[in-house]
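Trainee: how would this look folded up:
(one chain, ligands or ions: 1)
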Amino acid sequence: MNIGIVGAGHIGQAIATIAGRYGYRAMLSNARGPETISELASALGCEVGTAVEAVAFGDLVAVAIPLKAYPLLPIALFDGKIVMDTGNYYPERDGRVAELDSHAITTSGLLARQLPGASVVKAFNAILAAQIITDGRPAGTSGRRALPIAGDDGETKQIVATFIDRAGFDTVDVGTLADSWKIERARPAYCIPMNKAHLAAVLQQTTRESFVPEGSWRRS
Ligand SMILES: NC(=O)c1ccc[n+]([C@@H]2O[C@H](COP(=O)([O-])OP(=O)(O)OC[C@H]3O[C@@H](n4cnc5c(N)ncnc54)[C@H](OP(=O)(O)O)[C@@H]3O)[C@@H](O)[C@H]2O)c1
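Mentor: Have a look, this model is predicted:
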């Protein structure tokens, strides 16, 4: 299975790193063009291409770009793809989005609406990029960190869960994309290291009113 990666920043590079570490072929892409990341890609041991080429390359496509750039994605090429949506909404970076502010839609719901032919699974949004590389442990390790995922299709969620397992993490299924507000920015499960049982318990207790202080996850 090939991993296409749209976005070559913190998260894109971390996913390329673990993909290579666990024997997947990966292709990294960014906004400015492949020539700007060719050295980076060779250091990470992955291929490089345009965003169009990375989407075409991936059986699993990680979307690792700021939410404000979603409208620039090559929409038609996503038909039939499994998408790992790593995105979060930071209004100061992305601009205010009324539907998100009013909780009318989730960030992953927004992406799924943008890519109607894809099966979107929210994944890797609730872990700091550096920890994707450092925190993975073999399956069965005591206290192994768990990552939350959400999506509307059970089969594609399982494919993403298998990738995450090989990358060193357990998963907890939060539910559908409509349920994925529970793992958005500043929710109790956001970027706080927890094992599977702890994460499941925290998610169980997360209500619409549950928030942690802004930025507190960066000190964890
Ligand atoms: N950083 C974290 O620890 C972390 C953790 C969890 C989730 N996230 C979320 O993951 C997403 C990515 O975050 P990040 O920290 O990796 O961002 P970042 O370091 O700022 O990198 C963003 C990347 O997206 C690329 N990009 C922007 N528009 C694009 C387009 N239309 N086509 C292709 N590539 C495009 C940029 O390309 P150029 O370099 O050419 O501009 C850049 O490589 C965000 O939603 C963020 O909130 C981040």
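
Trainee: residues from this structure in reach of the ligand?
Mentor: 6-12, 29-32, 51, 64-67, 69, 72, 86-88, 90, 125, 128-129 (Cβ under 6 Å from any ligand atom). In this view, the C-beta of every residue, glycine as well, is placed from N, C-alpha and C.

Trainee: just the buried members of these?
Mentor: When those are checked for burial by 16 or more other Cβ atoms under 10 Å, the buried set is 6-8, 11-12, 29-30, 51, 64-67, 86-88, 125, 128-129.

Trainee: can you pull out the helices in the protein?
Mentor: Listed in chain order, the helices of the chain (DSSP state H) span 10-21, 38-44, 51-57, 91-94, 98-101, 107-114, 129-134, 154-166, 196-205.

Trainee: dump those to a markdown table, plus mean pLDDT.
Mentor: Formatted as a markdown table, the helices of the chain follow (pLDDT from 0 to 100):
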| stretch | mean pLDDT |
| --- | --- |
| helix 10-21 | 97 |
| helix 38-44 | 97 |
| helix 51-57 | 98 |
| helix 91-94 | 97 |
| helix 98-101 | 97 |
| helix 107-114 | 98 |
| helix 129-134 | 98 |
| helix 154-166 | 98 |
| helix 196-205 | 98 |
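
Trainee: quick check, the residue in this protein closest to the ligand?
Mentor: Among all residues of the chain, Gly9 sits closest to the ligand, at 1.8 Å; criterion: Cβ to the nearest ligand atom.

Trainee: list the contacts for the closest residue to Val121 other than its chain neighbours?
Mentor: What sits nearest to Val121 in space, not counting adjacent residues and going by Cβ to Cβ, 6 or more residues apart in numbering, is Gly151, at 3.7 Å. For Gly151, the contact set (Cβ atoms under 8 Å, 6 or more residues apart in numbering) comprises 108, 119-122, 157, 160, 176-177.

Trainee: for Arg93, same thing?
Mentor: Counting by Cβ under 8 Å, 6+ apart, the residues that Arg93 touches are 66, 68.
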